[in-house]
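# Predicted model follows, preceded by the sequence.
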Amino acid sequence: MVFKMRKSVILTAAVLIAVIFTLVGCGNQGASQDNQNQNQGSELSGSITAAGSSALLPLVEEAASQFMSNNPNAKINVQAGGSGTGLKLVSEGSVDIGNSDIFAEEKLDADRAKELVDHKVCVVGFAIVVNPDVNVDNLTKQQLIDIFTGKITNWKEVGGNDQKVVILNRPTSSGTRATFKKYALDGKEEAQGIALTEESSGAIKKAIADTPGSISYLALSYVDGSVKALKLDDVEPTVENITTGKYPIWSYEHMYTKGEPTGLTKAFLDYMMSDEVKPLIKELGYIPTSDMKVSKISSEKI
């Protein structure tokens, strides 16, 4: 009788233990499923648009391509249009990110600029470029100012051949133009009616390569063998000279958002400023902000 009772207790305990293990197992399975659902739910998806600076375009396009390869359900649309356009569109809420070569407060009203959050992703230098047939290698700042304000109209006036100077400029919405005017021309107004205007950095590069006697300015990320970069006051537009402050024509590359970014926009901006993108920044001719030994702050409207 005692033996039967003991056997019954043992069987009951065994059943209880089995039930407990079953419940625990189910609970763990549920937790694993929850984690899986959370992981699936955290997968980046959706679509955002970044527009503005054509100087920053090559970097954002390439970084977006890499980002989308890692996140196949995410779509990053990248457009140019100029810094002024990018700032206007992001301020209006028409795009998620406004790319700009200049600070927002240098282009927008103070109230609109305050609504935007600045994300400095890198630095870009700008070179004075001419058609390769121009046999001038260096200009002083005053000579450069005199060319763009219309006082110098022939290359022989600065030691070159007897050849007409053809100025290729950018539209007023261009951050590259604003940067060049501020740091290369000391804010002087360009001559009206003597310059041809091209919309984008790519168009400027092609026009310079195709137009004898032409002069303009380009982000270093666009400079190649089809154009000739000049020294300014005997200083070359190199990364080293820019980072140390010897060469003055450079700017931060900003990616502005209206308010703090969230979701896919935040994930892409975090990626843009990550160590993963730093090699790409250098490869494409930009400069990581951490490499700069000098800095710039915003100023009055340009």
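Looks like it arrived, so ask away.
# who's in contact with the nearest residue to residue 104 once chain neighbours are set aside?
Using CB to CB, 6 or more residues apart in numbering and skipping the chain neighbours, the partner closest in space to residue 104 is residue 113 (4.2 Å). No exception for glycine: its C-beta is placed from N, CA and C like everyone else's. Residues near residue 113 by CB atoms under 8 Å, 6 or more residues apart in numbering: 103, 104, 105, 107.
# what do you get for residue 281?
59, 121, 122, 287, 288.
# ok, 7 Å please
59, 122, 288 (CB atoms under 7 Å, 6 or more residues apart in numbering).
# can you check residue 274 too?
Neighbours of residue 274 in contact, by CB under 7 Å, 6+ apart: none.
# Please report the distance of it from residue 260.
18 Å (CB to CB, to the nearest Å).
# now swap in residue 229 and tell me
For residue 229, the distance to residue 260 - CB to CB - is 39 Å.
# what kind of secondary structure is the residue lying closest to residue 57 once chain neighbours are set aside in?
Closest residue to residue 57 in three dimensions, ignoring its sequence neighbours and counting by CB to CB, 6+ apart: residue 80, at 5.1 Å. Assigned with DSSP: H, G, I helix; E, B strand; the rest coil, residue 80 falls in the strand class.
# What pLDDT does the model give residue 80?
We have a pLDDT of 93 for residue 80.
# for it, what are its contacts?
Neighbours of residue 80 in contact, by CB under 7 Å, 6+ apart: 54, 57, 200.
# Helices of the stretch 51-200 of the chain, residue ranges please.
57-70, 83-92, 110-114, 141-148, 175-183 (DSSP state H, counting those that start in this stretch).
# and if you look at the stretch 201-302 of the chain?
Going by DSSP H, counting those that start in this stretch, the stretch 201-302 of the chain shows helices at 201-210, 239-243, 263-272, 278-283.
# Just want the most central residue of the protein.
Centroid check for the chain by CA atoms, centre = their mean gives residue 56 as the closest residue, at 4.1 Å.
# And the pLDDT for it?
96.
# can you check the one 4 residues further on too?
Note on residue 60: pLDDT of 98.
# residues in contact with the closest residue to it other than its chain neighbours?
In space, and not counting its chain neighbours, residue 60 is closest to residue 78: 5.1 Å by CB to CB, 6+ apart. Neighbouring residues of residue 78 by CB under 7 Å, 6+ apart: 50, 57, 60, 61, 64.
# Which parts of this structure are strands?
46-52, 74-81, 97-100, 116-117, 120-130, 138-139, 166-169, 195-197, 214-219, 228-229, 231-232, 250-258 (DSSP state E).
# weakest of those strands in terms of mean pLDDT?
Looking at the strands of the chain, the bottom one is strand 195-197 with a mean of 84.
# Pairing partners for that strand, with directions?
Strand pairing for strand 195-197, using DSSP bridges, gives strand 166-169 (parallel).
# quick check, distance from stretch 240-248 to the centre of its chain.
20 Å (CA atoms, centre = their mean, to the nearest Å).
# Can you give me the buried ones in it?
241, 242, 243, 247, 248 (16 or more other CB atoms under 10 Å).
# So which residues make contact with it?
125, 183, 232, 235, 237, 250, 287, 291, 292, 293, 294.
# Most widely separated two among those residues?
By the measure CB to CB, 232 and 291 form the most distant pair in the contacts of stretch 240-248, at 20.6 Å.
# out of those two, which sits in the busier spot?
Counted by other CB atoms under 10 Å, residue 232 and residue 291 do not tie: residue 232 has more neighbours, with 23 against 15.
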